[in-house]
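>>> Attaching a predicted model along with its sequence, questions to come.
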Amino acid sequence: CETFVLSGPFVQLNPAKENLSGGGPFNPGQNVSWRLRVRSDARSSAPVPLESLVATDLLPVNLVFSSWTFDDQGTGLPAPQTFAQIPNFAGTGRTLLRWTWNAGSGNLGVNQQVWINISTTIRNGAPFGSLSNDFTLETDAPGLAQRCSGSSQADSLDYDGDANTAETLCRSTGTITVAGIAQLISSKTTQGTCDGGFVSTSAGTLIGGAIDYELRVQNVGTVPMQNFVLIDILPFVGDTGVRDTNPRGSQWTPLLAAPILPPAGTTIYYSTSGNPCRGEVGGPTTGCDPANWTTVAPDPITSTRSFKVEFGSRVVGPFDFVSFDLSLVTPGNVPAGQPTFNSFAYQADRADGLGSLAAEPQKVGISIGACDAASLGDFVWVDTNHDGVQNDGPTGVNGVPVFLSQPGPDGVPGTVDDLPLEQVVTSDSPTSEP
């Protein structure tokens, strides 16, 4: 005779997750619908009470939940009465979707199924490639063993919230592909004395006033970008663009007022050439000057005519951006109604090795405005006779950094906690004198 073990009643769960939105690939912001099959396999030996079933879906970070519906597939069974949407479940940064049924909701019979249909959106910033998501089912019906038709996993994160992490979840995986899109957008804006913030069309600045520029580049695609290089040629009379070497049309020369603070993880280089060779951003490599880039700002800093920012190993991921500001000062010999223009260019390689992107955003201009503004300061000169009076003749000095600050928390000016407000560099007066 032979000995064998006779199994008790069991349910063999056979979950499935199906993409209902086609083969893709899909773009960020696009809707993707899924069918979650709550299914008992034909090999089950007994029905399973709905009240014992827990259906869960831990969405990946790059899928955003929108809504769900229920389809009883002709069984007459009710929709789950309790639905929970739990953000940052168990500290994963992901959203858990959980459906349960009340007591008395009936039984899911052998070889029966019901559907939960969910709608999701691919998050802006999702990287290209495969995007997988698991749907899980489990039961804790007393006296009814659980088996899985496909793959399974331990409930280590306690999806069902019963504090038992030794249970087994039956699992099904659905996968879509996020399209590989390489796209960068960029802009340069300015803020003059007469502006309330950074703008693309300035209301102007004043003699001696500040001119601030903001440079911004954002990756709005799905492919990370690397080996980023950015070059800016500052405005001066006779200047050209960076990649586009046509004249920019600047009629006067604002002066760099302070060292440039580049984005974290990048390196800033300065040049005194207004026409540096700049093949690294697709600009000219002949008919231009050796750039002689240096990480040390020229002395005086007002002699800076161009700068470069190298990103080194820093990668600009999907939906990431980089931005930074620089400050120039308006000299005293600016002709009324005449503009000056600034622009920058960049180039970056696709992280998937399929080429690079380069561009020069539209130039931004500024001229002397007509706003009212308070002013501090007057004249920096060499006091040759040491009497503190401006009676020494034409001894004004250009290129001197001047700092404006206010007392810090201790309320005492001239101490280490003073708060910087502004920095300018002395330059010619309205009568073109130092």
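Ah, there it is. Numbers count the residues shown, from 1 in each chain.
>>> Quick check: closest non-adjacent residue to the residue nearest the centre of the chain.
Central residue of the chain (CA atoms, centre = their mean): D320, 2.2 Å from the mean position. Leaving aside its chain neighbours, D320 sits nearest to N219 (5.5 Å; criterion: CB to CB, 6 or more residues apart in numbering). All C-beta atoms are positioned from the backbone trio N, CA, C, and that covers glycine.
>>> From D232, how far off is the one you found?
20 Å (CB to CB, to the nearest Å).
>>> sorry, back to before: report the contact partners of the residue nearest to the centre of the chain.
Going by CB atoms under 8 Å, 6 or more residues apart in numbering, D320 touches 125, 218-219.
>>> Likewise for A351?
Contacts of A351 (CB under 8 Å, 6+ apart): 223-226, 315.
>>> Then S273?
Contacts of S273 (CB under 8 Å, 6+ apart): 288-292, 305-306.
>>> So N219 and D232 - more neighbours on which side?
Taking neighbours as other CB atoms under 10 Å, N219 and D232 compare with N219 leading, 25 against 21.
>>> If I follow the layout properly, that one ends up in contact with G317?
Yes. With contact defined as CB atoms under 8 Å, N219 reaches G317; the gap is 6.5 Å.
>>> and the contacts of D320 as TSV, adding secondary structure and pLDDT?
Output for the contacts of D320, formatted as TSV (DSSP: H, G, I helix; E, B strand; the rest coil; pLDDT from 0 to 100):
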residue	secondary structure	pLDDT
G125	coil	92
Q218	strand	96
N219	strand	96
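>>> Which elements pack onto the strand or helix carrying S323?
Element membership of S323 [criterion: DSSP states H and E] is strand 321-329. Contact analysis of strand 321-329 by 3 or more CB pairs under 8 Å, 6 or more residues apart in numbering; DSSP states H and E lists strand 210-219, strand 255-256, strand 419-425 as its packing neighbours.
>>> hey, which of the ones you listed is tucked in deepest?
strand 255-256 (a mean of 23; mean count of other CB atoms under 10 Å).
>>> Go through the contacts of S273 and flag which are in strands.
Assigned to strands by DSSP state E, the following of the contacts of S273 qualify: S306.
>>> Just give me the closest of the contacts of D320 to T384.
Taking CB to CB as the measure, T384 lies nearest Q218 of the contacts of D320, at 53.6 Å.
>>> partner residues bridging the closest one?
For Q218, the beta-bridge partners under DSSP bridges are I185, F321.
>>> For it, give me its contacts.
Listed by CB under 8 Å, 6+ apart, the contact partners of Q218 are 184-186, 319-322.
>>> before we move on, what about A16?
A16 neighbours (CB under 8 Å, 6+ apart): 35-37, 39, 135, 172.
>>> centre of the chain versus the host helix or strand of Q12, how much separation?
Using DSSP H and E, Q12 falls within strand 10-13. For strand 10-13, the separation from the chain centroid amounts to 46 Å (computed by CA atoms, centre = their mean, to the nearest Å).
>>> Check for me that G180 belongs to a helix.
No. G180: not assigned to a helix; according to DSSP: H, G, I helix; E, B strand; the rest coil it is coil.
>>> picking up where we left off before, okay, buried residues for whichever helix or strand comes after the strand holding Q12 please.
As assigned by DSSP H and E, the chain's next helix or strand after strand 10-13 is strand 16-19. Residues 16-17, 19 are the ones in strand 16-19 that count as buried (16 or more other CB atoms under 10 Å).
>>> and strand 16-19, average pLDDT?
Strand 16-19 shows a mean pLDDT of 96.
>>> Would you format the helices and strands packed on strand 321-329 as JSON lines with distance to E167 included?
Formatted as JSON lines, these follow (distance: least, CB to CB, whole Å):
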{"stretch": "strand 210-219", "distance to E167": "42"}
{"stretch": "strand 255-256", "distance to E167": "65"}
{"stretch": "strand 419-425", "distance to E167": "58"}
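>>> Nearest to A84, out of those strands?
strand 210-219 (34.4 Å).
>>> Check the offset of that closest one from the chain's centre.
15 Å.
>>> Start from the N-terminal end of the stretch 201-350 of the chain and give the strands.
210-219, 225-233, 255-256, 267-271, 306-310, 321-329, 340-350 (DSSP state E, counting those that start in this stretch).
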